[in-house]
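A.B. asks: here you go, sequence then predicted model.
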Amino acid sequence: MNGLRALCDEEKFVATKKRALITGVTGQDGSYLAEQLCSDGKQVVGVIRNSSVIPTEYLIDNIKYVRGDLFDSTFVHSLLEEYSPTHIYNLASASSVSDSYLRPDLSLKVNFEFVRTLVESIEKYRETTGLEIFLLQASSSEMFGPDHQSPITETTSHDPRSPYAKHKSMAHTLCINARVDRGINIGTAILFNHESPRRPLKFVSRKITHGAYLISKGIEKKLVLGNINVERDWGYAPDFVNGINKIANSSSSSDYVVATGKLHTLKEMCQIAFSAVGIENYKDFLESDSSFYRTNENSGLIGDFSKAFFELGWSPSISFKEMIELMVKHETNMHYGD
């Protein structure tokens with residue numbers, strides 16, 4: 001297949017009725033989703049951008065990994081023709097709000113233009129084969145902006161304030177229009193913040209759990225953060241991926257908020273993380289840096305997941321405290337500096 005390199009054994013990949021294609025498969029959500037789908041007995045194709053570094057610790061033996069240029073419409077068309085997926089999970093994203101100010105061109109390309117190419121490819125595939133593909137689009141709570149009254153529902157209006165938020169809002173609207181006007185099967189998961197041990201270190205949750213562990217071992221002396229009074233609706237990534245899976249397996253294409261409905265601060269996150277490594281006076285180890293303050297911070301937004309609860313039977317399985325403690329345990333198990 002032109003422009004495509006298989007990264008696993010061909011003999012492990014056989015024809016099946018349900019085949020899922022995941023973009024963003026090497027990221028936090030994509031890797032958890034791949035594991036869930038494999039455990040459900042589905043065939044999984046994981047698409048990796050040519051520029052992506054593959055985290056080998058999250059690779060799964062019975063997944064077919066392929067590389068290619070996601071911005072090349074010919075490549076995307078060929079993916080669908082080659083693998084005939086029944087479901088596509090678009091988790092590919094340039095997801096850093098801060099980075100989107102530095103590279104708005106990249107944010108536009110990944111967060112909107114690729115989604116448009118994907119929708120057009122699905123429509124073309126339907127026209128040529130008569131087969132339907134369900135697209136799950138991962139949307140973001142950043143779309144709503146900082147000034148809304150909570151809780152946020154699926155019909156809350158958008159007021160994006162960052163390039164990332166704007167481009168995710170554009171993609172979300174594109175998906176709804178494609179579903180309504182062209183009859184394409186598309187479901188969206190409007191994801192609020194969600195964390196796990198697989199978060200890269202540039203994300204504040206992992207920065208805190210990683211930093212607390214290093215300080216407890218005497219490797220670092222301070223943890224430098226921005227505004228620790230920021231409030232967010234934080235959930236556990238595997239829970240949210242379970243919600244994504246439930247949306248894709250539902251009988252109707254629709255939009256669902258995936259959230260916890262509870263607010264917590266970075267201060268709480270620090271307190272839990274430091275306590276988990278035996279440090280109660282966590283404030284003594286924090287240092288504030290105004291350069292880490294985010295412009296147009298979406299603080300205080302709560303998601304209303306009642307639609308997902310009543311229609312899909314989804315709800316969070318672990319608490320905020322349990323999630324942070326689990327992340328700290330992961331840091332401990334990695335034996336940094338030991």
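C.D. replies: Great, that's in hand. Numbers count the residues shown, from 1 in each chain.
A.B. asks: which of the three states applies to residue 131?
C.D. replies: coil (DSSP: H, G, I helix; E, B strand; the rest coil).
A.B. asks: wait, doesn't it sit right on residue 84?
C.D. replies: Yes. Using CB atoms under 8 Å, residue 131 makes contact with residue 84 at a distance of 7.0 Å. Quick note: C-beta positions are derived from backbone N, CA and C, even for glycine.
A.B. asks: can you confirm residue 67 is in a strand?
C.D. replies: Yes. When classified by three-state DSSP, residue 67 is found to be part of a strand.
A.B. asks: doesn't residue 51 make contact with it?
C.D. replies: No. In this structure residue 67 lies outside contact range of residue 51 using CB under 8 Å: 9.7 Å.
A.B. asks: so those two - more neighbours on which side?
C.D. replies: Ranked by neighbour count (other CB atoms under 10 Å), residue 67 and residue 51 place residue 67 first, with 19 against 8.
A.B. asks: that one pairs with what?
C.D. replies: Going by DSSP bridges, residue 67 is paired in beta bridges with residue 5, residue 48.
A.B. asks: tell me the pLDDT at it?
C.D. replies: Per-residue pLDDT puts residue 67 at 91.
A.B. asks: give me phi/psi at residue 195?
C.D. replies: phi -130, psi 170 (degrees, to the nearest 10).
A.B. asks: that one contacts residue 208, doesn't it?
C.D. replies: No. The pair residue 195 / residue 208 is not scored as a contact, 9.7 Å apart, by CB under 8 Å.
A.B. asks: which stretches in the stretch 151-300 of the chain count as strands?
C.D. replies: Applying DSSP state E, counting those that start in this stretch to the stretch 151-300 of the chain gives strands spanning 186-191, 194-195, 223-225, 231-232, 235-236, 255-258, 264-265, 286-288.
A.B. asks: out of these, nearest to residue 105?
C.D. replies: Across those, the minimum distance to residue 105, taken as CB to CB, is reached by strand 186-191, at 23.6 Å.
A.B. asks: which residues sit against that closest one?
C.D. replies: 119, 134-141, 143, 152, 154, 172, 175-176, 178-179, 240, 243-244, 247-248, 250, 253-259, 303 (CB atoms under 8 Å, 6 or more residues apart in numbering).
A.B. asks: how about 6 Å then?
C.D. replies: By CB atoms under 6 Å, 6 or more residues apart in numbering, the residues outside strand 186-191 that reach it are 135-139, 175, 179, 240, 244, 247, 253-258.
A.B. asks: that one pairs with which strands, parallel or anti?
C.D. replies: strand 134-140 (parallel), strand 255-258 (parallel).
A.B. asks: with mean neighbour count and mean pLDDT added, can I get those in JSON lines?
C.D. replies: Shown next, in JSON lines, are the strands paired with strand 186-191 (neighbours: other CB atoms under 10 Å; pLDDT from 0 to 100):
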{"stretch": "strand 134-140", "mean neighbour count": "25", "mean pLDDT": "97"}
{"stretch": "strand 255-258", "mean neighbour count": "25", "mean pLDDT": "98"}
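A.B. asks: got those strands as CSV, with distance to residue 38 columns?
C.D. replies: Shown next, in CSV, are the strands paired with strand 186-191 (distance: least, CB to CB, whole Å):
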stretch, distance to residue 38
strand 134-140, 16
strand 255-258, 21
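A.B. asks: so where do the helices sit in the protein?
C.D. replies: 28-39, 73-83, 97-102, 104-108, 114-129, 163-182, 204-216, 237-249, 266-276, 306-312, 320-333 (DSSP state H).
A.B. asks: weakest of those helices by average pLDDT?
C.D. replies: Among those, helix 97-102 scores lowest, with a mean of 86.
A.B. asks: and the contacts of that helix?
C.D. replies: For helix 97-102, contacts defined as CB under 6 Å, 6+ apart pick out 107, 162-164.
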